[in-house]
Each structure stands twice: as C-alpha cells, then as structure tokens.
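with the sequence up front, the predicted model follows.
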Amino acid sequence: MTRGFYIGRFQPYHEGHHRVVEAISDEVDELVVGVGSGDKSHSTRNPFTAGERVMMITKALVDVDVVTYVVPIEDINRNAVWVSHVQSMTPKFDVAYSNNPLVIRLFGEAGVEVRQSPMFERDVLEGTEIRNRMVQDEDWRELVPDPVAGVIDEIDGIERIRQVSDTDAG
Ligand code: NAP
C-alpha cells in the first residue's frame, strides 16, 4: 500500500492541479493533498481560506479513484522543521510529489522520497493567470473543475478577489 502526498497553495485548485492528481493517482493507493499556506487568505496572492480550498478540492476529487485526505498546513517560520510540521498534521505518507525546489530540498534532507509532478499547459493553467482573469472579469471558469467554480460562486469569491486586489499589494 502506497500513500502519496501532494502539497500546493491551490489558490484556486485548477485543471493543472487536477491533472497532476489524476497522474499521481495511477501510482498510489491513497493520496494526502496538503493545502499549503493554510493560515493565509484575503490577499491577492492567497484570496481563499484553507476551509474554502478544502471544499474546492474535496468536491473536485469526488470522481478520483483513490482514497484522498485534504489537510490544511499552516506556514511556519522555520524551514528546517517544516517537514516534521507537515508530518505532524497528515496521515503518514511514503512519497511526496512536488516541483518546488525548496520543498524538494526539505523532503530530501528529511529522507522522504520525492517525485516530480510537472504540470501541463502552464501558459493558462497557472494560479496567477487565473486570479488575474478573475480580477479583470475575463473567462476563468474553463480553467477550473466545475465544482471549484461552484464553490467560488457560493463564497462570492470574485467580489472578494477584486476588492482585496484594490487594497493589497501581495
Ligand atoms: P506554491 O506557492 O503553491 O506554488 C509555487 C509555484 O509552483 C506556483 O507557480 C505553482 O503554480 C507551481 N506549481 C504548483 N504545483 C505544481 C506542479 N505540480 N508542477 C509545476 N508547478 C507547480 O508552492 P507549492 O510548492 O505548490 O506549495 C508549497 C507550500 O508549502 C506553500 O504553501 C508554501 O508556503 C509551503 N511551505 C512552507 C514552508 C514553511 O512554512 N517554512 C516551507 C516550504 C513550503 P500554481 O500557482 O498554478 O499552483
């Protein structure tokens, strides 16, 4: 039995992340999705709360054919103990999936196997691009799974991201 771990900020969870999850699900029996920067919300770069991102991901994963756990992970000030912090919050996992050099380095130093998880169509399937489209009233719905658009509508997310982008530099 192999349990994988995939970490991201998922601001928002989009089709690129979803394709990565589908690819990972061919390699593992169970998957823990870590919602990184769980303490951040209501800013241009991190508009959605951990709870809102848990909803997006949980609903989008309904049709994925592995057992999944969605766990928020708060940022901490010490990179050197971040892996222990993650492990203290998640079901035990055997392999971590990431493309982030810092994350790869920290897991590697902690003795955790890391596999790269490249994304596709990065010109459009990219969090910054999707958040910009939301602010500028351009089409973003085609870039996220349908249940994610439903959650963003439910929480009035477009109004929020427009408002915080007026007042917030980060
Ligand atoms: P991230 O900040 O979510 O993403 C960084 C960049 O990588 C974004 O452009 C993202 O695109 C992209 N990306 C995400 N998944 C990818 C994939 N599978 N293939 C290619 N590119 C991908 O960073 P992250 O690595 O995904 O998540 C790391 C989380 O751990 C963050 O919340 C970070 O704060 C946290 N962390 C905390 C500490 C600490 O507290 N000391 C230390 C290390 C990491 P999108 O915007 O499209 O997703």
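Now that the structure is in, tell me what you want to look at. Worth saying up front: this structure is predicted, and the values here are computed from it rather than measured. Numbering: from 1, shown residues only.

least trustworthy helix or strand in this structure by mean pLDDT?
helix 157-167 (a mean of 92; mean pLDDT, DSSP states H and E).

touching that helix from outside, list them.
12, 42-44, 47-48, 52, 131, 134-135, 151-152 (CB atoms under 8 Å, 6 or more residues apart in numbering). All C-beta spots, glycine's among them, are computed from the backbone N, C-alpha and C.

the protein: strands as residue ranges?
Using DSSP state E, the strands found in the chain span residues 3-8, 30-35, 67-72, 95-97, 113-115.

that older thread, so how far is the least confident helix or strand of the chain from its chain's centroid?
20 Å (CA atoms, centre = their mean, to the nearest Å).

any residue of that helix touching the ligand?
No - in terms of CB under 6 Å from any ligand atom, no part of helix 157-167 sits within range of the ligand; the closest distance is 13.9 Å.

now that helix: buried residues?
In terms of neighbour count (16 or more other CB atoms under 10 Å), helix 157-167 has its buried residues at 157-158, 160-161, 164-165.

again with stretch 89-96
Going by 16+ other CB under 10 Å, stretch 89-96 has these buried residues: 90, 93, 95-96.

quick check, nearest of those to the ligand?
residue 96 (10.2 Å; CB to the nearest ligand atom).

so what's that closest one up against?
Taking CB under 8 Å, 6+ apart, one finds 4-7, 103, 107, 112-115 in contact with residue 96.

name the residues of the chain found near the ligand, please.
Counting by CB under 6 Å from any ligand atom, the chain sits next to the ligand at 7-9, 16, 20, 36-37, 75-76, 79, 82, 98-100, 102-103, 106, 117-119, 126-127.

5 Å instead, please
Residues of the chain lying close to the ligand (CB under 5 Å from any ligand atom) are 7-9, 20, 36-37, 75-76, 79, 82, 99-100, 103, 117, 119, 126-127.

burial of the closest residue to residue 40 other than its chain neighbours, as a residue count?
Nearest residue to residue 40, sequence neighbours excluded (CB to CB, 6 or more residues apart in numbering): residue 46, at 3.8 Å. As a burial measure, residue 46 scores 22 neighbours (other CB atoms under 10 Å).

now residue 46: how far from residue 86?
Distance of residue 46 to residue 86, computed by CB to CB, to the nearest Å: 18 Å.
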